[in-house]
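In: structure, please.
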Amino acid sequence: MKNQDIIKLNDLRQQGKGAAEIAETLNLPLNTVKSYLRRHPEADTSRVCPQCGKPVVQKEGRKEKKFCSDKCRNQWWNSHQSEIKKEAYYTLVCQFCGKEFESYGNQRRKFCSRKCYGNHRKKLAGKVFSG
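Out: Okay, the predicted model is just below:
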């Protein structure tokens, strides 16, 4: 079955259609539709992957999933960059070189790069040993 067939099948299933009616509507073999329905009893038709249309299987007691896999999640976010909430960007000043830099999600960051952090540590070590 193609992804489009799965999406249509889930829509018809949500409307309360039976296997025979779904098979006839989608022009699929009845046993194919029955097998799909039997293999996916837990598939909540209201939760389908926005990237590929497959049902999203939710494990009980876990955070609600929106995508069927990490691959689909990454593909969707890479193709929808404008929808990312960029609220956690902070403009900071590097304590070693004084250059302004942006940090995502961490407003307590002190250095713009690992290189500046390393140079800062070397500078401190030099003061301790020479002083």
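
In: state the pLDDT value of Gly46.
Out: Quick fix: residue 46 reads Ser, not Gly. With respect to pLDDT, Ser46 has a value of 58.

In: how's the protein carved up into domains?
Out: 3-82, 89-130 (automatic domain parsing).

In: correct me, but Asn10 touches Val48?
Out: Yes - Asn10 lies in contact with Val48 (C-beta atoms under 8 Å); the separation is 6.1 Å. Any C-beta I mention is one placed from the backbone N, CA and C, and that applies to glycine too.

In: centroid residue for the chain?
Out: Arg73 (3.4 Å; C-alpha atoms, centre = their mean).

In: ok, back up a step: name the residues contacting each of Asn10 and Val48.
Out: Pro55 (C-beta atoms under 8 Å, 6 or more residues apart in numbering).

In: could you list the low-pLDDT ranges of this protein?
Out: Residue ranges of the chain with pLDDT under 70: 41-46, 84-86, 127-131.

In: quick one, strands of it?
Out: In the chain, the strands defined using DSSP state E lie at 89-93, 100-104.

In: Met1: which of these is closest?
Out: strand 100-104 (40.0 Å; C-beta to C-beta).

In: tell me what angle that closest one forms with strand 89-93.
Out: 150 degrees (axes from the mean of the first three to the mean of the last three C-alpha atoms, to 10 degrees).

In: contacts only, for the residue nearest to Cys94 when sequence neighbours are not counted.
Out: Among residues not flanking Cys94 along the chain, Cys112 sits closest, at 3.9 Å (C-beta to C-beta, 6 or more residues apart in numbering). By C-beta under 8 Å, 6+ apart, the residues touching Cys112 are Leu92, Cys94, Phe96, Cys97, Lys99, Phe101.

In: quick check: PyMOL command selecting the buried ones in these.
Out: The PyMOL selection below is limited to those of the contacts of Cys112 classed as buried (16 or more other C-beta atoms under 10 Å):
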select buried, resi 92+94+96
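
In: okay if I get the contacts of Cys112 as CSV plus distance to Tyr117?
Out: Shown next, in CSV, are the contacts of Cys112 (distance: C-beta to C-beta, whole Å):
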residue, distance to Tyr117
Leu92, 13
Cys94, 9
Phe96, 7
Cys97, 11
Lys99, 13
Phe101, 12
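
In: nothing else from me, thank you.
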